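Participant: what shape does this take:
(chains A, B, C and D)
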There are 2 protein chains.
Amino acid sequence: MKRNSRLSSTLHILVHMADAPDRALTSEQLAGFIHTNPVVVRRTIAGLREAGIVTSSRGHGGGWQLGRAPDKISLAEISAALGETLLPFSTESESPGCLVEQAVIAVLDDFRLEAERLLTERLSHITLADLTADFRRRYDLIGVSSHAV
Amino acid sequence: MKRNSRLSSTLHILVHMADAPDRALTSEQLAGFIHTNPVVVRRTIAGLREAGIVTSSRGHGGGWQLGRAPDKISLAEISAALGETLLPFSTESESPGCLVEQAVIAVLDDFRLEAERLLTERLSHITLADLTADFRRRYDLIGVSSHAV
DNA sequence: GTTTCATGTAACTTAGTTAGTTACGAATAA
DNA sequence: TTATTCGTAACTAACTAAGTTACATGAAAC
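Facilitator: Numbers count the residues shown, from 1 in each chain, chains lettered A, B, ... in the order given. All right, here's what the predicted structure looks like:
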């Protein structure tokens, strides 16, 4: 799992979970999908459990399942549950007394607030169901082209 | 200079340069404003020179100046010249053959493209002149309140 | 022309972040 | 009671970016 790919890795995992709604998938299996370690998976999606996006169960037959229907899970919620920042730049003051810095931070914070609102709004309209639908489209296409050949 | 504060630090520097349009400021002076090292400053704003946002001159009386009027320099250009990414998450494929991954990346890339367009559009409407104006407002306010007390 | 000052840049060091790993306790089903 | 699986702490390794040192290049002042 590469740096900065927590969102896409998590989505990958979640689509697999949506594709197997009747059984729990283990951290081991999920880790296999994104070529990483089970502990990394558990650590990464721990926040999703707290947000109710997934549930986990221990012991025999245990593992991970979606907490609700895929069309009720938006990318905005997932991103937030991962603790991801949509905007990368920092606006903490390093010399609080400086009026120039105050002006810069004020403008940048305004922008950040508005930008975060915009991005979150857009992400809230994309659901896990959209991703699984896209996946199925690709899957069917391959099937058709295999037949054709 | 903290991590992830290259944009705000650079803006800080540029406002100081806009505030002294008649003389060149040295890396040493600029570094003082943001509490860092002259070499870090030179390295950070090297890209701005290539973009024509600032000019530099060597030797006696040398240093840095704005390349054009503050109202002709947008935050979008500055951010681009710094090589900053507006969106932090990566969408490189780690298992290119996987249809689930392809679907995830397709959706995420769509979002990223649209988001980058939106943010850039907004940043292109904020200029250095807006920042200096905000700074002057704060400066005058302090002046007034000092008088009042 | 020599001195002084300033940038340009390479090379190295240091600090911080995050993924990966190991280990083990707690919970649960067979 | 045993096998399985999560939860989590602790540690290691890899990577990134800032900070630092050093020195070559260029330009103004004398």
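
Participant: could you use CA atoms for every contact and neighbour count after this?
Facilitator: OK.

Participant: which residues touch the strand or helix carrying residue A:138?
Facilitator: Using DSSP states H and E, residue A:138 sits in helix A:128-148. Residues from elsewhere that reach helix A:128-148 (CA atoms under 8 Å, 6 or more residues apart in numbering or on different chains): A:11, A:14-15, A:18-19, A:70-75, B:99-100, B:102-104, B:107.

Participant: return that helix as CSV; C-alpha atoms alone will do.
Facilitator: What follows is helix A:128-148, C-alpha atoms only, in CSV (Å, rounded to 0.1, in the frame of the first residue of the first chain):
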residue,chain,number,x,y,z
LEU,A,128,-20.3,2.9,-2.8
ALA,A,129,-23.2,1.7,-5.0
ASP,A,130,-21.9,3.9,-7.8
LEU,A,131,-18.5,2.2,-7.5
THR,A,132,-19.9,-1.3,-7.5
ALA,A,133,-22.1,-0.4,-10.6
ASP,A,134,-19.0,0.9,-12.4
PHE,A,135,-17.2,-2.3,-11.5
ARG,A,136,-20.1,-4.5,-12.8
ARG,A,137,-20.1,-2.6,-16.0
ARG,A,138,-16.4,-3.3,-16.5
TYR,A,139,-17.0,-6.9,-15.5
ASP,A,140,-19.8,-7.4,-18.0
LEU,A,141,-17.8,-5.7,-20.8
ILE,A,142,-14.9,-8.2,-20.3
GLY,A,143,-17.4,-11.0,-20.4
VAL,A,144,-18.9,-9.8,-23.6
SER,A,145,-15.6,-9.2,-25.3
SER,A,146,-14.5,-12.7,-24.2
HIS,A,147,-17.5,-14.2,-25.9
ALA,A,148,-16.9,-12.1,-29.0
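
Participant: mind listing what's buried along it?
Facilitator: A:128, A:129, A:130, A:131, A:132, A:134, A:135, A:136, A:138 (16 or more other CA atoms under 10 Å in any protein chain shown).

Participant: just the residues you listed now: which is nearest residue A:116?
Facilitator: Residue A:116 has its nearest neighbour among the buried residues of helix A:128-148 in residue A:128, at 20.6 Å by CA to CA.

Participant: pull the contacting residues for the residue nearest to that closest one when sequence neighbours are not counted.
Facilitator: The spatially closest residue to residue A:128, leaving aside those adjacent along the chain, is residue A:70, at 4.9 Å (CA to CA, 6 or more residues apart in numbering or on different chains). Applying CA under 8 Å, 6+ apart, one finds that residue A:70 lies in contact with A:18, A:127, A:128, A:129.

Participant: secondary structure class for residue A:56?
Facilitator: strand (DSSP: H, G, I helix; E, B strand; the rest coil).

Participant: what residues does chain A have near DNA strand D?
Facilitator: Proximity of chain A to DNA strand D is confined to A:25-28, A:38-39, A:42-43, A:46, A:56-64 under the rule CA under 7 Å from any atom of the strand.

Participant: restrict these to contacts with DNA strand C.
Facilitator: Residues of those in contact with DNA strand C (CA under 7 Å from any atom of the strand): A:38, A:39, A:57, A:58, A:59, A:60, A:61, A:62.

Participant: between those, which sits nearest DNA strand C?
Facilitator: Relative to DNA strand C, the closest of these is residue A:59; by CA to the nearest atom of the strand it sits at 3.3 Å.

Participant: where does that closest one fall, secondary structure wise?
Facilitator: Here residue A:59 is assigned to no helix or strand, by DSSP H and E.

Participant: ok, it to residue A:52 distance?
Facilitator: Computed as CA to CA, to the nearest Å, the residue A:59 to residue A:52 distance reads 20 Å.

Participant: neighbour count winner among the two?
Facilitator: Shown here are residue A:59 and residue A:52; by other CA atoms under 10 Å in any protein chain shown, residue A:52 has more neighbours (14 against 6).

Participant: who's in contact with the spatially closest residue to the more buried one that is not a sequence neighbour?
Facilitator: The shortest distance from residue A:52 to any non-neighbouring residue, by CA to CA, 6+ apart, is to residue A:67 (5.5 Å). For residue A:67, the contacting residues are A:49, A:52, A:53, A:54, A:55, by CA under 8 Å, 6+ apart.

Participant: list buried residues within the residues you listed.
Facilitator: A:49, A:53, A:54, A:55.

Participant: wait, the last one touches residue A:68, no?
Facilitator: No - in this structure residue A:55 lies outside contact range of residue A:68 using CA atoms under 8 Å: 9.2 Å.

Participant: state the distance from residue A:111 to DNA strand C.
Facilitator: From residue A:111 across to DNA strand C, the span is 22 Å (CA to the nearest atom of the strand, to the nearest Å).
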